[in-house]
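S.K.: sequence-free structure coming up:
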């Protein structure tokens, strides 16, 4: 079971690492780290340097495609080689998935037209601009396309997907192994729960990070 | 606020990426990726290549130390330069933290003697062999030392820590930004919830991964 993880400069690294850690439990999982150019890319805002192992042309067909998000995804939304690759790979996948604003890339590639889909809560309007019908849900399967909401929701999506592919017991073993028994000290993980001041602060910081990214900082 | 993330070959990459994504919300956060040698290391079992930016000697003092776990931590438990560095850095930190089996390294460095501490549920006996008193809790602060349980518990730990350092509103904004509103499709994230068959499967896989790591595969 080949899993292609698309990574790029200014990725939100938790978008991809959360689900990949879970998907590695699929029997025979072979993870391929794909990007525009081989070599290091840098996550934002954490600064972690990750390595692209295969270029788009080298990646070959894949059973599962996973597209994460992050500020850098905005630099790819008009990138013809990347969008062409997403369409080409998607034509042969068993599952095409996204985490957070990764769904904007699926949308820009034309894959979400008319479908229900989700994304980071702060990017719903952009998602709809690509013809998707935004729903405030954590994981949305539509046929073989599965979108998930912001960042950490990719973990929930991957557990669901492992269950579909390998059954409940394997998915539960993955959950137990990453000890995913969440006990956050706050209950502010969704706009409906966070309150106006927290939403405003989060929006301001995200806006600043995206502005810096688009300015090339 | 300088944050040193210790990374090493065969790390569980979610151990470090989860909390670092949250800790990046501490005002003025400067994250330093520290390891034995500069250059790439590889996570297990996901195969993701990460880059060490500073050697132990180059890292300097830090306000927060975070030690993740993973199969590779077992190769460091008798590594004198790493253990010396952990002790030396810890002497000047504001917070010394661990995720998952990262606490085994704190234990091996002698920092947990007589303290309550936690680790991945499958490594509690090893933790106790270093003189710590294992408790089955998700996050355990003991003075400036904070240990957290398996893998994803580092996210909860980091939210707690951001709250301590920067206040509840910043921590909640971090939670909202990573949309940490967990809705796992199963409730198998702790041994007490998973059932015998799932525990057995998880244990067998972990055992296999650790054996491969110790054999150098």
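M.R.: Received it, and whenever you're ready, just let me know what you need. Keep in mind that what you see is a predicted model, and the values were worked out from it rather than measured.
S.K.: now the strands for chain A?
M.R.: For chain A, the strands defined by DSSP state E cover A:2-6, A:30-35, A:39-42, A:49-52, A:54-55, A:64-67, A:95-98, A:116-117, A:133-134, A:139-142, A:145-148.
S.K.: so which of these gets nearest residue A:199?
M.R.: Smallest distance to residue A:199 across the strands of chain A (Cβ to Cβ): 17.1 Å, for strand A:133-134. (Each C-beta comes from the backbone N, C-alpha and C, glycine too.)
S.K.: sheet partners, orientation included, of that closest one?
M.R.: strand A:116-117 (parallel) (DSSP bridges).
S.K.: number of residues surrounding residue A:44?
M.R.: 20 (other Cβ atoms under 10 Å in any protein chain shown).
S.K.: if I pick the closest residue to it other than its chain neighbours, what's in contact with it?
M.R.: Excluding the flanking residues, the one nearest residue A:44 by Cβ to Cβ, 6 or more residues apart in numbering or on different chains is residue A:10, at 4.0 Å. By Cβ atoms under 8 Å, 6 or more residues apart in numbering or on different chains, the contact list for residue A:10 reads A:42-44, A:70-72, A:75, A:213.
S.K.: give me the contact list for the helix ranked longest in chain A.
M.R.: Among the segments of chain A that qualify as a helix by DSSP state H, the longest is helix A:196-214. The contact list for helix A:196-214, computed with Cβ under 8 Å, 6+ apart, reads A:10, A:44-45, A:71-72, A:74-75, A:122, A:188, A:191, A:194, B:25, B:169-170, B:172-174, B:176-177.
S.K.: may I see the buried residues of it?
M.R.: The neighbour-count check on helix A:196-214 (16 or more other Cβ atoms under 10 Å in any protein chain shown) flags A:198-199, A:201-203, A:205-206, A:209-210, A:213 as buried.
S.K.: now the residues you listed in JSON lines, with distance to residue A:3?
M.R.: Shown next, in JSON lines, are those (distance: Cβ to Cβ, whole Å):
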{"residue": "A:198", "distance to residue A:3": "35"}
{"residue": "A:199", "distance to residue A:3": "34"}
{"residue": "A:201", "distance to residue A:3": "35"}
{"residue": "A:202", "distance to residue A:3": "30"}
{"residue": "A:203", "distance to residue A:3": "33"}
{"residue": "A:205", "distance to residue A:3": "31"}
{"residue": "A:206", "distance to residue A:3": "28"}
{"residue": "A:209", "distance to residue A:3": "28"}
{"residue": "A:210", "distance to residue A:3": "28"}
{"residue": "A:213", "distance to residue A:3": "26"}
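S.K.: so which of those sits lowest on pLDDT?
M.R.: pLDDT across the buried residues of helix A:196-214 is lowest for residue A:213, at 84.
S.K.: need the contact list for the residue lying closest to that residue once chain neighbours are set aside.
M.R.: Spatially, and ignoring its direct neighbours in sequence, residue A:213 is nearest to residue A:71 (3.8 Å; Cβ to Cβ, 6+ apart). The contact partners of residue A:71, by Cβ under 8 Å, 6+ apart, come to A:10, A:12, A:44, A:209-210, A:212-213.
S.K.: model confidence for residue A:71, exactly?
M.R.: Reading off the model, residue A:71 has pLDDT 95.
S.K.: quick check: it vs residue B:108, distance?
M.R.: According to Cβ to Cβ, to the nearest Å, residue A:71 and residue B:108 sit 38 Å apart.
S.K.: what do you get for residue A:51?
M.R.: Here residue A:51 is placed at a distance of 29 Å from residue B:108 (Cβ to Cβ).
S.K.: the more surrounded of the two?
M.R.: Legend: neighbour count by other Cβ under 10 Å for residue A:51 and residue B:108, higher for residue B:108 (22 against 17).
S.K.: isn't the more buried one up against residue B:87?
M.R.: No - using Cβ atoms under 8 Å, residue B:108 is not in contact with residue B:87; the gap is 10.3 Å.
S.K.: picking that back up, got a markdown table for the strands of chain A, with distance to residue A:158 and mean pLDDT too?
M.R.: A markdown table is the format used below for these (distance: least, Cβ to Cβ, whole Å; pLDDT from 0 to 100):
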| stretch | distance to residue A:158 | mean pLDDT |
| --- | --- | --- |
| strand A:2-6 | 10 | 98 |
| strand A:30-35 | 12 | 98 |
| strand A:39-42 | 21 | 95 |
| strand A:49-52 | 18 | 97 |
| strand A:54-55 | 21 | 98 |
| strand A:64-67 | 8 | 98 |
| strand A:95-98 | 8 | 98 |
| strand A:116-117 | 17 | 98 |
| strand A:133-134 | 21 | 98 |
| strand A:139-142 | 9 | 98 |
| strand A:145-148 | 9 | 98 |
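S.K.: can you get me a residue count around residue A:163?
M.R.: Using other Cβ under 10 Å, residue A:163 is surrounded by 18 other residues.
S.K.: scratch that, residue A:9 is what I was asking about
M.R.: Residue A:9, neighbours per other Cβ under 10 Å, totals 20.
S.K.: do the same with residue A:81
M.R.: 12.
S.K.: that one touches residue A:36, doesn't it?
M.R.: Yes - applying Cβ under 8 Å as the test, residue A:81 and residue A:36 come out as touching, 7.3 Å apart.
S.K.: pull up the overlap in contacts between the two.
M.R.: With Cβ under 8 Å, 6+ apart as the test, residue A:81 and residue A:36 both reach residue A:56.
S.K.: any low-confidence regions in chain A?
M.R.: Applying pLDDT under 70 to chain A flags residues A:217.
S.K.: what comes up buried for stretch A:116-133?
M.R.: Of all the residues in stretch A:116-133, those buried under the rule 16+ other Cβ under 10 Å are A:117-124, A:126-127, A:130, A:132.
S.K.: would you reformat those residues as a markdown table and include distance to residue A:98?
M.R.: Output for these, formatted as a markdown table (distance: Cβ to Cβ, whole Å):
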| residue | distance to residue A:98 |
| --- | --- |
| A:117 | 8 |
| A:118 | 9 |
| A:119 | 8 |
| A:120 | 11 |
| A:121 | 15 |
| A:122 | 15 |
| A:123 | 11 |
| A:124 | 14 |
| A:126 | 13 |
| A:127 | 10 |
| A:130 | 12 |
| A:132 | 11 |
